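Enquirer: Give me the fold of what follows.
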Amino acid sequence: MNGIERGRRPVWLGLGLALFLAGAGRADYLQSFKAGIRAKDFRQWPQMVAAMRDAAAQQPQATGENVPIYGNYVVPYLPQYFLGVGLVRQGEWLEAAKAFQEAQAQGTVRGLNRGRMEFFQEVCSRRLEAMGQRAPSPPRVPRPPAASAPGNPTNPTAPVVEPVGKSGDVIRRALDKADRDGRDWLKRGETLVRDLKTRGGVDPDLMAVAESRFRNASFLLDGCRREGDLAGVERARDNARAAWEILDEMAKGR
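Expert: Next up is the predicted model:
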C-alpha cells in the first residue's frame, strides 16, 4: 500500500461510519414513530406520547413522508401532530396546544389531519380558557388580500365561477365530487349532533366545537364552490369529515 492509499483509508472509513450512523439514526426515529402509531391504534395514550416525543427529539422536522406501519398501512411522518393527539387524549391541554402549534408552524399537516388538528386546537383553547390559562398564539401566516365580488364567499349573490376548457372539465368534476362529499359529511354531522343532543351525556365543549366546525365548513363549502376554488372545497370537506369522525370517536369513548 503506498502513502496516498494509506492517507485515504481513514477518510473512507470515516465516511462509511458517518453514513452508517445516519442510517441508524433514521431507523431509530422511524421505529419510535411506528411504535407511537401502533400505540394510538390500540388507544394506549401514554405509550403513544412517549414514542412520539422520542421520535420528535430525534427528528423534529415533520417531513410528511409516508412511513409504512404494517402491510399497506402508511402514515405521514408528523410527530408533533400525533404527539398533540395523544396529549389531548390524556387531558394535557397546554402541552397538546404547544405540540399542535409546532406542527402548524412547520406547515406539513394537510388534508384530514389538518382538519382534526384544528378541531383539537379549538378544544384545547376552550379547556385552557376554563382553567384561566391561554393557549399559545398560533404562528403568523400571511393572508392574501380579500377578493372583491364577484367571487367573494361573503357575497352570496356573486355568480358561480365555472372552469372552462379541457382542464376545466377535469377541475369541474373534481369540484362536484368534493362538493358532494363535503355536503354528505355535513349531513352526517347534523344527524350525529341531533342524536347526541337527544341522548345527552356528551361533553358540552366537544359538542360546541363540533357544531362550530360544521358551521364553518358549510360556509367555506358554499363560498369556495361558488368561486370554483377546488382547494377550498376540499378543505371544507376535510373539516366536515374530521369533525364528524372526532365527535363519533369521543361519543363512543374510542
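Enquirer: Could you look up the SS state of Val74?
Expert: strand (DSSP: H, G, I helix; E, B strand; the rest coil).
Enquirer: which residue sits closest to it in space, ignoring its chain neighbours?
Expert: Asn66 (4.1 Å; C-beta to C-beta, 6 or more residues apart in numbering). From N, CA and C alone the C-beta is placed, and that goes for glycine too.
Enquirer: wait, doesn't the one you found sit right on Val75?
Expert: Yes. Asn66 lies in contact with Val75 (C-beta atoms under 8 Å); the separation is 7.2 Å.
Enquirer: More neighbours: which of those two?
Expert: Val75 (18 against 10; other C-beta atoms under 10 Å).
Enquirer: wait, what's in contact with that one?
Expert: By C-beta atoms under 8 Å, 6 or more residues apart in numbering, the residues touching Val75 are Phe33, Ile37, Asn66, Val67, Ile69.
Enquirer: Show only the entries of the residues you listed found in strands.
Expert: Asn66, Val67, Ile69 (DSSP state E).
Enquirer: which among those residues gets closest to Asp54?
Expert: Val67 (14.4 Å; C-beta to C-beta).
Enquirer: Please report how far the closest one lies from Ser32.
Expert: To Ser32, Val67 is 11 Å away according to C-beta to C-beta, to the nearest Å.
Enquirer: now do Asp181
Expert: Counting by C-beta to C-beta - Asp181 and Ser32 are separated by 34 Å.
Enquirer: what does Tyr73 give?
Expert: Computed as C-beta to C-beta, the Tyr73 to Ser32 distance reads 17 Å.
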